[in-house]
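# the following comprises the amino acid sequence and a computationally predicted model.
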Amino acid sequence: MHYQTKLYLAFSGLIVTTILLSEGLSYKETRQKLLNELSSKVVGVAATMAQLLDRDQVEIVVKEGSDQSDVYDSLVQKMRNVRDANRRDDFFVKYIYMIRPDPANAKQFIVVADATEDPAIYIPPGTAYPEGGKFGILDHLNEPFSPPKLIEDRWGKFLPGYAPIFDANGKFLATIGVNLSADYVDQEVNRLLLIDFWTMSIALIAGLLIATFLAHGISRSLRTICSGVSRIGRGELEARLDVHSKDEFGELALEINRMAQGLQERDRLKLNFTRYVSKHILEKILASDKMPTLEGERRKITVLFSDIRDFTHLAEYLPPEEVVLLLNEYLAVMLDVIFSKNGTLDKFIGDGLMVEFGAPLDDSEQEIHAVETALGMHQALKTLNQKWKMENRPEISMGIGIHTGLAVLGNIGSEHRMEYTAIGDTVNVTSRLEQATKELKVSILISETTWTAISTRYQGKSMGPLHLKGRIDPVNVYAIDLPEERGTK
């Protein structure tokens, strides 16, 4: 089931329940108010009639207990006149009668007079009226009274009102009963029920429309958020959520957009970082719980310097555009080799490269990887020269120096511009080794510290101690044996 459907059902259920409960309570309260109002009116009719009737006539009728007299007929006619005067559209009195407690049984009533003309339901004086004892009249014999609800006797359902009649001395004579038609009461209740029904229907329709609007709005926001998150999850980091509502959904969309922007910046940083280190190293850095220290760290690394020989002379006779094209093609091939061996590009130095192994992550085989990189670079240059030869472009050669030692790795510069690099004697020695490849006429020259780690895997030749410019102590160096150089020895 879709969330919109769930929301709609939830809102609709809440609205329907609220309306039904509210209307139910309202109907019950309104119905009771109507009954109270009608009770007050019917008691008023009974009390008014009790004051209007001739007490002497009532006393005579009570004593005679018969309907065969002119006094009885006169009294009943007055009761009928009051009844007929109260038969209106808004108030309909059906029966008027007079009762009194039974002298033989104080818990029930007998009829004194009945204003009904219909012989089929006429009750002659003296007839027992046992239902009267059940309506609470005996508890209110000396005061006007109406039950709080409709009552039912053998002649139907009514809303009655009762009022006592006293003689001149204040002695109780009889009780006037006025029965308001239950059909009229039901008609009034049904009218209220119909009004409540239409009110409830209008409220329900409005509520359902509001529920639809709210559910659609919330669902639309959720769909937008889900779609946007899905796009971001697929790598579309430029995706942004277009939710402008000033609520929790708008705040959530804003935070997701900020997250996407952060991921996009992180992705750009990752892309830029891959230009300095291999993808393998980058993944290790990102997966590591402990990031490398970038403020200054002393550690063992292996440094590689490479340089194109006679590049200055080459640049003299080639057009600048050709020089740039050749250099870019050369560097692209060299970087592929470097990164394939977990090397980290420190910087370009003109046509030269400075590369570190064992930084920023430790590498237990850094010396081997450095030498493999040097051999791979020479092989790649050989292939590149063959291609350039076929294109009638100049061929080049290069020298590589490798040295292993301690260096300080970290940021140098200022707060406005800085770069991550290695500093120390190890870097200087490596640079001098690369320069010495020209004098010694070798392609790859490595120091003794590097040779010690790789001597069992590669062939090489000791070139003896080498006095490097700027250093007092000589450095024992070795030339790595290359196949093409081996044939020329």
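In hand now; what should we look at?

# immediately after the regular element (helix or strand) spanning Asp336, which helix or strand?
Using DSSP states H and E, Asp336 falls within helix 320-340. Heading C-terminal from helix 320-340, the first helix or strand you meet, by DSSP H and E, is strand 344-349.

# now that following strand: buried residues?
Thr344, Leu345, Asp346 (16 or more other Cβ atoms under 10 Å). Glycine gets a C-beta too; all of them are placed from N, C-alpha and C.

# so the first one touches Leu353, yeah?
Which is Thr344. No: using Cβ atoms under 8 Å, Thr344 makes no contact with Leu353, being 11.1 Å away.

# quick one, strands of the protein?
93-102, 105-114, 128-129, 151-153, 156-166, 172-181, 297-308, 344-349, 352-357, 398-413, 418-423, 444-447, 460-466, 475-480 (DSSP state E).

# can you list the domain ranges for this structure.
Here the domain parsing of the chain from automatic domain parsing is 3-188, 292-486.

# chain center to the last one, what's the gap?
In other words, domain 292-486. Taking Cα atoms, centre = their mean, to the nearest Å, one finds domain 292-486 lying 55 Å from the centre of the chain it belongs to.

# what is the rounded mean pLDDT of it?
Across domain 292-486, pLDDT averages out at 89.

# and the closest residue in space to Glu297 that isn't next to it in sequence, what is it in contact with?
Leaving out its chain neighbours, the residue that sits closest to Glu297 by Cβ to Cβ, 6 or more residues apart in numbering is Leu409, at 5.0 Å. Neighbour list for Leu409: 293, 296-299, 301, 356, 359-360, 420-423 [criterion: Cβ atoms under 8 Å, 6 or more residues apart in numbering].

# what's the spacing between Leu409 and Thr426?
Distance, Leu409 to Thr426, using Cβ to Cβ, to the nearest Å: 11 Å.

# kindly tell me how buried the closest residue in space to Leu384 that isn't next to it in sequence is, as a neighbour count.
In space, Leu384 comes closest to Val333 once its chain neighbours are excluded; the distance is 5.7 Å by Cβ to Cβ, 6+ apart. Other residues near Val333 come to 17 when the count uses other Cβ atoms under 10 Å.

# ok, Val333 - contacts?
The contact partners of Val333, by Cβ under 8 Å, 6+ apart, come to Ala380, Leu381, Leu384.

# same thing with His140?
Tyr162.

# and it, how far from Ala47?
His140 sits 12 Å away from Ala47, going by Cβ to Cβ.

# how many other residues sit next to Arg471?
Each residue near Arg471 was counted by other Cβ under 10 Å, and the total is 13.

# ignore the last one, Pro125
Neighbours of Pro125 under the rule other Cβ under 10 Å: 18.

# is the residue nearest to Glu297 in a bridge, and if so with what?
For Leu409, the beta-bridge partners under DSSP bridges are Glu297, Ala422.

# for the remainder of this discussion, apply numbering that starts at 28.
Shifting the count to begin at 28 puts that one at Leu436.

# and it, how far from Asp145?
Applying Cβ to Cβ, the value for Leu436 to Asp145 is 118 Å.

# low pLDDT regions in the stretch 78-227 of the chain?
Scanning the stretch 78-227 of the chain for pLDDT under 70 picks out the ranges 209-216, 219.

# could you pull up the residues touching Pro171?
Counting by Cβ under 8 Å, 6+ apart, Pro171 touches Val70, Ala73, Ala74, Gly188, Tyr189, Ala190, Pro191.

# stretch 461-475: end-to-end distance?
Using Cα to Cα, to the nearest Å, the end-to-end distance of stretch 461-475 comes out at 14 Å.

# for Ser208, see how far away Val350 is.
Distance from Val350 to Ser208, by Cβ to Cβ: 116 Å.

# same deal with Val435?
Distance from Val435 to Ser208, counting by Cβ to Cβ: 109 Å.

# kindly report the same for Val88.
Distance, Val88 to Ser208, using Cβ to Cβ: 26 Å.

# what about the two, which has more around it?
Using other Cβ under 10 Å, the more surrounded residue of Val88 and Ser208 is Val88, with 25 against 18.

# so that one sits right up against Val138, yeah?
No: at 10.8 Å, Val88 and Val138 do not qualify as touching, with contact defined as Cβ under 8 Å.

# just give me the neighbour total for Ile365.
The local packing of Ile365 (other Cβ under 10 Å) involves 27 other residues.

# cool, Lys121 as well?
Lys121 is flanked by 19 other residues according to other Cβ under 10 Å.

# shouldn't it be in contact with Asn206?
Yes: with contacts counted by Cβ under 8 Å, Lys121 reaches Asn206, the gap being 5.3 Å.

# between those two, which contacts overlap?
Counting by Cβ under 8 Å, 6+ apart, the residues touching both Lys121 and Asn206 are Phe185.

# name the residues that touch stretch 408-423?
By Cβ under 8 Å, 6+ apart, stretch 408-423 touches 335-338, 341, 345, 349, 353, 356-357, 360-361, 424-425, 511.

# hmm, I typed the wrong one, I wanted stretch 390-406.
327-331, 333, 361, 364-365, 367-370, 382, 384-385, 425, 427, 429, 431, 470-471, 473, 477, 480-481, 484-485, 507, 509.

# could I have the buried ones of these as ChimeraX selection syntax?
Buried residues within the contacts of stretch 390-406, by 16+ other Cβ under 10 Å, are selected in ChimeraX with:
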select :327,328,329,330,331,333,361,364,365,368,369,370,382,384,385,425,427,429,431,470,471,473,477,480,481,485,507,509
